[in-house]
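[1] Output the structure for:
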Amino acid sequence: MDVDSLRSSLTKHGQEHLLQFWDELAPFEQTKLFQDVSSINLVKVNSYFQRAMTKLTEAGTKLDDHLRPVPEEQSASTARMKSNEIKELSSLGTKAISEGKVAALLLAGGQGTRLGVPFPKGMYDVNLPSRKTLYQLQAERLLKLQELTRQETGKQCVIPWYIMTSEHTKEKTAEFFKRHNHFGLLPENIVLFEQEMLPCMTFEGKIILSSKYEVARAPDGNGGLYRAMHASGIVQDMRGRGITCMHVYCVDNLLVKVADPLFMGFCVRQGADCGAKVVQKLFPTEAVGVVCQVDGRYEVVEYSEITLQTAERRRDDGRLMFDAGNTCNHFFTMDFLEQIVNEHEDDLLHHVARKKIPFINDCGERVTPTQPNGMKMEKFVFDVFRFSQEFAVLEVMREDEFAPLKNGPSSAKDSPGSCRAALLNLHYRWILAAGGHFIDAEGSRLPLIPPRRSRSPVSAEIECEVSPLVSYSGEGLETFVSGKTFSAPLYIDTDEIQNGSEANGHGRSSPQAKRKFEE
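    Residues are numbered from 1 along each chain as shown. Here you go, the predicted structure:
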């Protein structure tokens, strides 16, 4: 180990403090620290810091005078589409899937820290009747979509599933999938790869030590996707499979329609190289990023970057002028993605996330701060929108497709409880639309509009879950429920309906409780 050379390089770049405890370390600790520090590209890291801080100083600048909504000819809303148009677009997406041109790409580098668990967020269970995790729900939606595509086109097809993990989540995710037999998917069609880890830094630009011989690191944000795809050979793998477009999405949306044929078909029809699925903002000051144009280029603008006056502007029909709430559901063509990876990745700026980062003080003591003491540098997946030449936006119904899991069980919003309620509510509406009905304990029919209780977003009387293996988005349920009456809780799986007191085992009932579909 050339420690003198390393020390000289660190001093040159203002990071000499990383070796301040060198003489106190055991030989194996010295080796670990030497390798850890030597792996850091100090020129790049310092450059990332300077650019991120410059962006941070500009963060308070309001963008009102630079904003324009997405042009109407480049956007559409499923709520205002006619049924025949929805069918045509879905068929167009299904055709692309049947030809092996569509991939799904999951952003799953985050841990469940805010949820209070020490494992990847995708392994989280929001306490559905089935007790299925985020990973399992998404895997089964892919399986069902492949089945529906075969039924519609007569072609065997595969939707490859690429999953970007991080140093914190890759091993646990791989083991989880293996333990559950990849949820019925073929292992060769699930491709895990890892995003880069960047050093955490103080606000003065000093790299933080998490121990005397370890640098504090964090994933480089979901925008680290593009560098990770290049480093892991994912672009070449996609090209080798004949992929021409993909659905990129975040792990934490319980209602996500993976590789949604309607979204794929809409973007294909528009000739888009890049697209976003959005939901209407609930109110002007909702804390959600807005998809719009900034000086003619497409971006996601944070709610803090516009004034209240602009946030409250409305169109002639009463809708908010800037109402396209970002859901992290994106469409990319392979050509666009390769352009980003090969030409623009270095142009993407890091954003600053102020964090409470445990550190080693000058006395060699580990300190757990109570206030933000440093920053993680992150890129966002949507930072590439500004390079798009043909952008498209599809607005969907929030209650049908967007229930993000961001906060712990004690939170009222974006929590396990609110996500669970959103899915149960959606599936309740599926049953009603398919001709089924629910009755309460007294035998009275429940209303078509789900009731609400003060303490729970969804009443226990309408607890209802449909397995993704039975229905991808509400289709095909008439055979099972039309003209029938149910009492909650109701769980519909591929080979059974558990109803009322039968559905008391979280998706597992006794043989006597099972009612086979073939009966």
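[2] Only the buried residues of the helix or strand hosting Gly93, if you could.
    Here Gly93, judged by DSSP states H and E, is contained in helix 83-98. Across helix 83-98, burial judged by 16 or more other Cβ atoms under 10 Å covers Leu89, Ser90, Leu92, Gly93, Thr94, Lys95, Ala96, Ile97, Ser98. From N, CA and C alone the C-beta is placed, and that goes for glycine too.
[3] For stretch 101-120, the averaged confidence score.
    Mean pLDDT, stretch 101-120: 92.
[4] doesn't Leu394 make contact with Ala272?
    No. Under the criterion of Cβ atoms under 8 Å, Ala272 makes no contact with Leu394, lying 9.7 Å away.
[5] could you say what helices and strands the helix holding Gly93 packs with?
    helix 134-153, helix 261-270 (3 or more Cβ pairs under 8 Å, 6 or more residues apart in numbering; DSSP states H and E).
[6] Can you name the residues in contact with it?
    78, 81, 102, 145-146, 148-150, 152-153, 155, 157, 159, 244-245, 259-266, 268-269 (Cβ atoms under 8 Å, 6 or more residues apart in numbering).
[7] And stretch 429-448, by the same measure?
    With Cβ under 8 Å, 6+ apart as the test, stretch 429-448 has contacts from 428, 450, 461-462, 464, 466, 471, 474, 477-478, 480-488, 490.
[8] try 10 Å this time
    Stretch 429-448 is contacted by residues 399-400, 428, 449-451, 459, 461-464, 466, 470-471, 473-488, 490, 492, 499-500 when judged by Cβ atoms under 10 Å, 6 or more residues apart in numbering.
[9] so where's the stretch 301-450 of the chain shaky on pLDDT?
    450 (pLDDT under 70).
[10] before we move on, the earlier item: report the buried members of the contacts of helix 83-98.
    78, 81, 102, 145-146, 148-149, 157, 159, 244-245, 259-266, 268.
[11] Which neighbours do Ala272 and Leu394 have in common?
    Phe266, Phe331.
[12] Please name the residues that touch the closest residue to Glu194 other than its chain neighbours.
    Nearest residue to Glu194, sequence neighbours excluded (Cβ to Cβ, 6 or more residues apart in numbering): Lys170, at 5.1 Å. By Cβ under 10 Å, 6+ apart, Lys170 lies in contact with Ala108, Gly109, Pro120, Ile163, Met164, Leu192, Phe193, Glu194, Gln195.
[13] Wasn't Leu225 part of a helix?
    Yes. Assessed with DSSP: H, G, I helix; E, B strand; the rest coil, Leu225 lies in a helix.
[14] Retrieve the pLDDT associated with it.
    pLDDT at Leu225 comes out at 97.
[15] how close does it get to Glu188?
    22 Å (Cβ to Cβ, to the nearest Å).
[16] More neighbours: the two, which one.
    Between Leu225 and Glu188, counted using other Cβ atoms under 10 Å, Leu225 has the larger neighbour count: 28 against 9.
[17] separation between that one and Glu305?
    The value you get for Leu225 to Glu305, if Cβ to Cβ is used, is 23 Å.
[18] Equivalent analysis for Asp346, please.
    24 Å.
[19] The two: which is more packed in?
    In this view Asp346 and Glu305 are compared by other Cβ under 10 Å, and Glu305 has more residues nearby, 21 against 10.
[20] Surely the more buried one touches Lys55?
    No. Judged on Cβ atoms under 10 Å, Glu305 makes no contact with Lys55 at a distance of 11.8 Å.
[21] so how far is the biggest strand by length in the chain from its chain's centroid?
    In the chain, taking DSSP state E as the definition, the longest strand is strand 324-333. Centroid separation for strand 324-333 versus its chain: 10 Å, with Cα atoms, centre = their mean, to the nearest Å.
[22] Just the C-alphas of it, formatted as CSV.
    Extracted C-alpha coordinates of strand 324-333, given in CSV (Å, rounded to 0.1, in the frame of the first residue of the first chain):
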residue,chain,number,x,y,z
ALA,A,324,-49.6,17.2,-13.7
GLY,A,325,-48.4,15.5,-10.6
ASN,A,326,-45.3,13.3,-11.1
THR,A,327,-45.8,9.6,-10.1
CYS,A,328,-42.3,8.3,-11.2
ASN,A,329,-43.9,6.2,-14.0
HIS,A,330,-41.8,6.8,-17.1
PHE,A,331,-41.5,5.6,-20.7
PHE,A,332,-38.2,5.6,-22.5
THR,A,333,-37.2,4.3,-25.9
